[in-house]
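In: Generate coordinates for the sequence data below:
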Amino acid sequence: MKIVMTYGTFDLFHIGHLNLLERLAELGDKLIVGVSTDEFNQEKGKQCLYSYQERARIVGALKCVDKVIPENNWQQKQQDIIEHKVDLFGMGNDWQGKFDNLQDLCEVIYLSRTPTISTTQLKLSLAKIDPQTIQKMKQGLDSVLDIVKALE
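Out: Now for the predicted structure:
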């Protein structure tokens with residue numbers, strides 16, 4: 001069994017996230033995704049719109065994802081690779097070279113990003129939208145999550 005692992009924040013889940021996760025899942029038999037905790041994102045200076053629990057639930061609801069684990073810090077990747085017997089570690093190419101130190105433990109690849117979207121672009125666009133509209137969008141996503149959960 002070939003085990004693939006990746007990590008991310010996955011705030012404002014979008015088609016680029018889905019493309020990356022589906023492509024990684026195709027490279028193995030099992031995909032494990034580390035989702036950054038709220039505390040870790042604070043250390044990184046990131047402010048998320050969705051909590052860790054919500055983001056982990058979204059990622060875990062995808063049929064291409066077999067397991068979600070919390071990402072608590074930068075250092076845990078080596079231990080996670082060993083613990084989960086990971087064969088392939090993959091990230092988007094915006095991280096090119098940043099995880100080459102893991103090559104002693106498993107194969108490391110960097111996949112191209114979906115060129116038309118990024119979470120940063122989405123957040124900049126949302127910054128121009130009034131708070132009531134953002135709340136309606138959040139409620140819509142919550143409704144989609146409830147439907148996905150009901151289908152499980």
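In: now the strands for this structure?
Out: Counting by DSSP state E, the chain has strands at residues 3-8, 30-36, 67-71, 88-92, 107-111.
In: Dump those strands to a markdown table, plus mean neighbour count, distance to Val59 and mean pLDDT.
Out: Backbone N, C-alpha and C define where each C-beta goes, glycine included. Formatted as a markdown table, the strands of the chain follow (neighbours: other C-beta atoms under 10 Å; distance: least, C-beta to C-beta, whole Å; pLDDT from 0 to 100):
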| stretch | mean neighbour count | distance to Val59 | mean pLDDT |
| --- | --- | --- | --- |
| strand 3-8 | 22 | 8 | 98 |
| strand 30-36 | 23 | 5 | 98 |
| strand 67-71 | 17 | 5 | 98 |
| strand 88-92 | 21 | 15 | 97 |
| strand 107-111 | 16 | 17 | 97 |
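In: could you redo the ones you listed as JSON lines and give each row distance to Glu54?
Out: Formatted as JSON lines, the strands of the chain follow (distance: least, C-beta to C-beta, whole Å):
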{"stretch": "strand 3-8", "distance to Glu54": "14"}
{"stretch": "strand 30-36", "distance to Glu54": "10"}
{"stretch": "strand 67-71", "distance to Glu54": "12"}
{"stretch": "strand 88-92", "distance to Glu54": "21"}
{"stretch": "strand 107-111", "distance to Glu54": "25"}
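In: what about those strands, which gets the closest to Leu151?
Out: With C-beta to C-beta, the closest approach to Leu151 among the strands of the chain belongs to strand 67-71: 17.8 Å.
In: one step back: to Ala150, which of the strands of the chain lies closest?
Out: With distances scored as C-beta to C-beta, the stretch of these nearest to Ala150 is strand 67-71 (19.2 Å).
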